[in-house]
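>>> here are the coordinates; sequence isn't available:
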């Protein structure tokens, strides 16, 4: 017999709720928490990034500079590339 421990998905919690009506209210609280976390992650991934240039003197010449900012799958800043035009 194999036993695996991991985070319960929303589908797992719904199945547990159907299987054990006595725990329905407690499982509903867990479902609310899981959905709130999912919504918070989606909001963080789509929120605009605040970018602060700490070496602004390097951008002070007369040529235009384009900065491309990239996000990873988790929504966090994964890189930035500055290019003089």
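It's in. Predicted, not measured: the structure shown is a model, and the values here were computed from it.
>>> quick one: secondary structure of residue 48?
Assigned with DSSP: H, G, I helix; E, B strand; the rest coil, residue 48 falls in the coil class.
>>> Could you report the neighbour count for it?
Look at residue 48: counted by other C-beta atoms under 10 Å, it has 5 neighbours. Using the backbone N, CA and C atoms, a C-beta is placed for each residue, glycine as well.
>>> Okay, strands next: where are they in this protein?
For the chain, the strands defined by DSSP state E cover 65-71, 77-84.
>>> Pipe the ones you listed into JSON lines and attach distance to residue 59 and mean neighbour count per row.
What follows is the strands of the chain, written out as JSON lines (distance: least, C-beta to C-beta, whole Å; neighbours: other C-beta atoms under 10 Å):
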{"stretch": "strand 65-71", "distance to residue 59": "5", "mean neighbour count": "11"}
{"stretch": "strand 77-84", "distance to residue 59": "7", "mean neighbour count": "11"}
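>>> can you put the ones you listed in a markdown table and add distance to residue 45 and mean pLDDT?
Compiled in a markdown table, these are given as follows (distance: least, C-beta to C-beta, whole Å; pLDDT from 0 to 100):
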| stretch | distance to residue 45 | mean pLDDT |
| --- | --- | --- |
| strand 65-71 | 7 | 82 |
| strand 77-84 | 12 | 82 |
